[in-house]
Structure formats: C-alpha cells, structure tokens
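>>> Quick one: sequence plus predicted model below, questions after.
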Amino acid sequence: MAVARGHGVQAMFTLSGGHVFPLYDGAVKAVPPLPLIDVRHEQTAVFAAEATARLTRLPGLAVVTAGPGVTNSVSAVTTAWFNGVPVVVLGGRAPDYRWGAGSLQEMDHPPLLAPVTKRAWTEHETGKVAAAVDEAFRTALSPHRGPVFLDVPVEALYSDAEVELPAGGTEAPDAPAGEDVIRIAALVRAARRPVLVLGTDVWLGGAETAARRTAERLRLPVIANGQARGILPAGHDLLVTRARKLAFGEADLVIVVGTPLDFRLGYGSFGAADAPAQVVHVADSPAQLAAHCPLAASAAGDLTLFFDQLAGAAEVEGPVGEDGWAARLTEAVHAALAMDAPLLASDADPVHPARIYGELAKILEDDAVVIGDGGDFVSFAGKYVEPSRPGGWLDPGPFGCLGTGLGYAIAARLARPSAQVVLLLGDGAAGFSLMDADTLVRHRLPVVMICGNNGAWGLEKHPMRALYGYDVAADLQPGCRYDEVVRALGGAGETVTAPAGIGPALRRAFAAGTPYLVNVITDTDAVYPRSTTGV
C-alpha cells in the first residue's frame, strides 16, 4: 500500500475475499490509513477505481479476490481499457504450491485479462511484490494510459520480506515531433472552414487549459466529447457541439485531438461526399493514431505541448478560417437551443425525458459531476446537459458497458465531496448495479439518482420495430418502483408521474443528504433521434 500511496492512490475499492486479506491489513494499518471502500459487486469496485482516476487524474486502485472476483471485474477493466484510464487491479490467486490440484478459485487470470490491459502478469515472490506493484502503476500511467492487472499467490501475499520501497513518480512526457506540428499548423492556416474536436485524453492529460487557450487564440470552432466537455463552458461562442452536423458536413479541415476516430466521429469521415475534409489526428502516443482512414497529418506526444506549439506555429494576423464560418456555426447553435426549449418545458403526459433535463438545468451548479448510465435516457442527457467545467461528465465511453453508474457515483462523491453528484440511470441500466446503493448508504455517500423509467430497453425496442415490425425481449416492468429499492437499502426516494412534479422532487433529493432516487415514469415512445448505431 505504501507503493500505491507513492503514486497518488487515494482509496482502495474492493469486495472482501480471503485471498487478499493482507492487502486490507496493509490499508488499515497504513499511516494514515488508506480508505477502503467495499462494494457489492467486483465490477463496481473497478468502475469506482476508473472514475476516481478520471476525476482526479491520479491512478485508481481496485483489489479483487481470486477466480470469480477477477472474472466479475472483466467488463469494468475493458471499459477502462477503451477509455484509456490508469487503473491498477490487484488480484488474489490460488497458491503455487497447490497449483493444478484444484484449490478453491484456482484460475490462471492473466491470459484472460491480457487483451484488455496494458500488461497482465503474476508475481510469485514476496520480495518482488513491491517492485511489481510499482511497475504496474508506472505502466498504467505512461501514455497511452490504461488498466494493468497483477495477481499474487496467497503464500506470497501472506509471507513477509524486507525490501526497499521504489520511489513514486512518472517520466517526463514526450513532445510531439516539431515537423508534425509545423505541418498541422500549415493546414490550419490554409483552412477555410476548420473544426477542432477535443476528446477525453485532453482532460486526462491535463491539457484543458492549453486547449482552450489555443482555440481562443486561433478562433477555432470546437466540438467536445467525453470529459473534454466543459473545456469551453456552456455558452462559449466557439463551442459548437450542438451544430456538429453542420460543422462536420461543411468543414474542410477537422483536427481531432485526444479521442479515437471511431463510430462517435463517423470513423473519421467528414465534409461533403464530393469534397471530403482533410483530417488531422493527434494522440498522446503513436499507437493511438488512426490507421483505418486517410490522414492529412498526425502528431503524437504530450497534448499540452502540442497545443502550445500549434498556437505558436499557426498564429496569423486575425483568426484562421474564412469570415463568417465561426459565426454561422454559432447561429446554428442558437437555433438548436431555441428548438430545444419546447421539449425541455414539455407538459406531455406521459413525461417526455427532455423535461427532466429542463428541470435539472435549473438546479445544477457549475461544479456538478453528472454521470450517465443508460441508453436512450442518457442520450438525451448528452444532448441537453452542457457542463460548465471540464472533467465533470462521466459516461461509459465507447465500450458502451451499462452498470457503470453506481461505481462512478461512489467515486465522484469521494473525489468531489463538496460538489453535486447526479447519476442519470436508465431503468435498464439500473438493473446492473442498483444494489450498490447499499454501498452509498453504508459509507454515507449522498448521491442524487434520477431514473428515466420508460419500462423498456429503448435503445433496442425501437430499432427492432423498425427492422422487423415488432420487438421481443425489450420490455421491462412498467412503473417499477426503483425508488423503493433504494429506500429498502437505507436511502430515500420517490416516484414522479407528472411533469410538474419533477422539479420539486429534484430539490428534495438534493436537500436530503442521503442517497436519493427520483424515479420518473417516462414515455416509452419518446425515442432519442440517432443516426448511427455504432455498428
């Protein structure tokens, strides 16, 4: 635990298991003790560790017992892998001296974790455990960041050894190649309709200030996704996320920084069919650069250094791009916001999900952490909730794994003790992790949970109807009392069925000082209008 502390670890997330008791002993006897947060499912432990890393930009730590403890964590580890988040998962392991004889929970874990971690291995010697843990954290933190798995057999964990503890810290970041930045700067200067896309790695890499400074200096219209949302706050004249269709459709240059060119960005295809935009991809390490689509230029390295170099190399007299480009996008943003207003204030019965976000916007503070765990309901959130600060939005990311919500909420309340923490749950997503409301209660972690309850797997129900004319396996219990689940676990909550009841219920939830679930019964037929399934 001393090694973990040296790398900035602030808490251990776990579910009790005898294989890893010595790690608990080390946590509680540390000076000061390392907070130990025990949960109801191992995936919640890893999701909480991931969210801790995403919010604090320090590594997260999860400890899981052998066998099913490890296998229960795999989806959460994979989510951290897709999100590029530095998480170390320490696993218990059956004893070496009985290996092959059928010990309890005997399983060779590293081959299972290897495809979704930067490294997965076993340390067999007690005297080498500290160095192995140090290597795990260093590997997780080095660009491109990601999860690391290490397991230790019980006899190695339960034995003693005197060792010199490794020093913490990370290596200095690599700067992007100067010639790459100069080439990108030339493209920016020549562009008539440039667009800058900012992704989660801009936040995780600590480059948010440099990114905003560069966008404002060059007057580049910005589209933000993931935890880059809030780098330019809601209402900023260069933030054109709500005009992304126009921006991507008419751009002649799109610079994508800190996020993959995956389904969320049309796989890197922008501009008109007969006049495709040039694409620049910038990442924190060479392996993250897109190889599936043509690039006009690319650069890899520390993102703060990239933005500062780009601003200096690309600066010209006045803003880049043709006159009126940024203003036209801003007008499109204002038009989109005006079109939102009727839905955000809708008195429709059953409740339209957008009304929930209209009421929530009146209450959210600038430093709120908003967490999305769901399909259609959270898609509406992505459209209508615009953070005021970077790092305050958490969703599952491109892996699309439901069940992240309670783990993320646990981490958010610990990492941001004075901020509002709001968990947006679809009723489908609630079934994956709502039992961990018990963890919120036991550890006295007040969180406001809002369940958009449409009684269906909306993300599947409506597309299946469109394809086949009917749907199956897409209905959930209508009006299910998820609030009563939270109440039974020691929290509080209520069900809302009318639009006028949403605002008062939310205010009661924020004032409660306890885990509180507002269960809003919404219209099953209010479908989020999406143009891609990500397939």
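Perfect, I can see it now.
>>> so where is the stretch 51-200 of the chain shaky, pLDDT-wise?
By pLDDT under 70, the low-scoring segments of the stretch 51-200 of the chain are 168-169.
>>> my bad, should have said the stretch 301-450 of the chain
316-319.
>>> contacts for the strand or helix carrying residue 130?
Assigned by DSSP states H and E, residue 130 falls within helix 129-141. Under the contact criterion CB atoms under 8 Å, 6 or more residues apart in numbering, helix 129-141 has outside partners 2-4, 6-7, 9, 59, 86-88, 90, 118-119, 121, 123, 146-148, 150, 152, 156-157, 161, 163, 165-166, 168, 170. Backbone N, C-alpha and C define where each C-beta goes, glycine included.
>>> next SSE after it?
Immediately after helix 129-141, counting by DSSP H and E, sits strand 148-153.
>>> Can you list the helices and strands that the next helix or strand after that next one packs against?
Counting by DSSP H and E, the next helix or strand C-terminal to strand 148-153 is helix 154-158. Helix 154-158 is packed against helix 21-29, strand 87-93, with contacts defined by 3 or more CB pairs under 8 Å, 6 or more residues apart in numbering; DSSP states H and E.
>>> Does whichever helix or strand comes after the longest one pack against any helices or strands, and if so which?
Read in the C-terminal direction, the helix or strand following helix 21-29 is strand 36-38, with elements assigned using DSSP H and E. Judged by 3+ CB pairs under 8 Å, 6+ apart, the packing partners of strand 36-38 are strand 12-14, helix 21-29.
>>> Please identify which of those is closest to residue 448.
Of all the helices and strands packed on strand 36-38, the one in closest proximity to residue 448, counting by CB to CB, is strand 12-14 (21.2 Å).
>>> where does residue 377 fall, helix, sheet strand or coil?
Secondary structure, DSSP: H, G, I helix; E, B strand; the rest coil: residue 377 is helix.
>>> residues in contact with residue 514?
Here residue 514 is in contact with 441, 446, 491-492 (CB under 8 Å, 6+ apart).
>>> ok, how many other residues are close to residue 375?
Per other CB atoms under 10 Å, the neighbour tally for residue 375 reads 23.
>>> Assess the claim that it and residue 424 are in contact.
No: in this structure, residue 375 is not within contact of residue 424 by CB atoms under 8 Å, at 11.2 Å.
>>> re earlier: just say which of the helices and strands packed on strand 36-38 is most tucked in.
strand 12-14 (a mean of 28; mean count of other CB atoms under 10 Å).
>>> And the contacts of that strand?
When contacts are defined by CB under 8 Å, 6+ apart, strand 12-14 is touched by residues 1, 4, 20, 23-24, 27, 34-39, 44-46, 48-49, 52, 60-64, 407, 410-411.
>>> Tell me which stretches of the stretch 51-200 of the chain form strands.
With DSSP state E, counting those that start in this stretch as the criterion, the stretch 51-200 of the chain has strands at 60-64, 87-93, 119-122, 148-153, 194-198.
>>> Distance-wise, check residue 178 relative to residue 247.
Here residue 178 is placed at a distance of 29 Å from residue 247 (CB to CB, to the nearest Å).
>>> ugh, wrong one, I meant residue 3
In terms of CB to CB, residue 3 sits 46 Å off from residue 247.
>>> Between the two, point out the one with more neighbours.
Each of residue 3 and residue 247 has its neighbours counted (other CB under 10 Å); residue 247 has more, 27 against 22.
>>> how many other residues sit next to the nearest residue to the more buried one once chain neighbours are set aside?
Of all residues beyond its chain neighbours, the one nearest residue 247 is residue 195 (4.9 Å), with distances taken as CB to CB, 6 or more residues apart in numbering. Using other CB under 10 Å, residue 195 has 29 neighbouring residues.
>>> just checking, next helix/strand downstream of the lengthiest helix in the chain?
Scanning the chain for the longest helix, with DSSP state H as the assignment, gives helix 325-344. Downstream of helix 325-344, the next assigned helix or strand under DSSP H and E is helix 353-361.
>>> Relative to whichever helix or strand comes after that next one, what are the paired strands and their orientations?
Counting by DSSP H and E, the next helix or strand C-terminal to helix 353-361 is strand 369-373. Using DSSP bridges, the strands paired with strand 369-373 are strand 393-394 (parallel), strand 421-426 (parallel).
>>> how close does the residue lying farthest from the centre of the chain sit to residue 19?
Largest separation from the mean C-alpha position in the chain: residue 101, at 41.1 Å (CA atoms, centre = their mean). Going from residue 101 to residue 19 by CB to CB gives 16 Å.
>>> Make TSV out of the helices and strands packed on strand 36-38 and add mean pLDDT.
Shown next, in TSV, are the helices and strands packed on strand 36-38 (pLDDT from 0 to 100):
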stretch	mean pLDDT
strand 12-14	98
helix 21-29	96
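>>> Of the ones you listed, give the one that comes closest to residue 357.
Comparing the helices and strands packed on strand 36-38 by CB to CB, strand 12-14 comes nearest, at 29.8 Å.
>>> Please name the residues that touch residue 63.
Residue 63 neighbours (CB under 8 Å, 6+ apart): 12-14, 20, 23-24, 45, 89-91.
>>> Show me which pair in these is furthest apart.
The most widely separated members of the contacts of residue 63 are 24 and 89, with 15.5 Å between them, by CB to CB.
>>> Could you measure from residue 139 over to residue 76?
Taking CB to CB, one finds residue 139 at 18 Å from residue 76.
>>> returning to what we had before: got the helices and strands packed on strand 36-38 as a markdown table, with distance to residue 392 columns?
Compiled in a markdown table, these are given as follows (distance: least, CB to CB, whole Å):
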| stretch | distance to residue 392 |
| --- | --- |
| strand 12-14 | 21 |
| helix 21-29 | 28 |
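>>> Identify whichever of the ones you listed lies nearest to residue 460.
Nearest of the helices and strands packed on strand 36-38 to residue 460, taken as CB to CB: strand 12-14 at 30.6 Å.
>>> can you count the residues close to residue 263?
13.
>>> do the one 4 residues further on as well
Residue 267 sits with 13 neighbouring residues when counted by other CB under 10 Å.
>>> got a list of what it touches?
By CB under 8 Å, 6+ apart, the neighbours of residue 267 are 261, 292-293.
>>> Is there a quick PyMOL command that grabs whichever of those residues are buried?
The PyMOL command for the buried members of the contacts of residue 267 (criterion: 16 or more other CB atoms under 10 Å) is given here:
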select buried, resi 261
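>>> between the contacts of residue 267, which is closest to residue 217?
residue 261 (25.1 Å).
>>> Quick check: the gap between the closest one and residue 293.
6 Å.
>>> intersection of neighbour lists for these two?
With CB under 8 Å, 6+ apart as the test, residue 261 and residue 293 both reach 267-268, 279.
>>> can you redo those residues as JSON lines with secondary structure?
Formatted as JSON lines, these follow (three-state DSSP):
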{"residue": "267", "secondary structure": "helix"}
{"residue": "268", "secondary structure": "helix"}
{"residue": "279", "secondary structure": "strand"}
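>>> ok, those vs residue 429, which is closest?
Among the shared contacts of residue 261 and residue 293, and counting by CB to CB, the member closest to residue 429 is residue 267, at 26.2 Å.
>>> if we can go back for a sec, nearest to residue 499 among the shared contacts of residue 261 and residue 293?
Using CB to CB, these come closest to residue 499 at residue 267, 38.7 Å.
>>> Residue 369: neighbour count?
For residue 369, the count of nearby residues is 25 (other CB under 10 Å).
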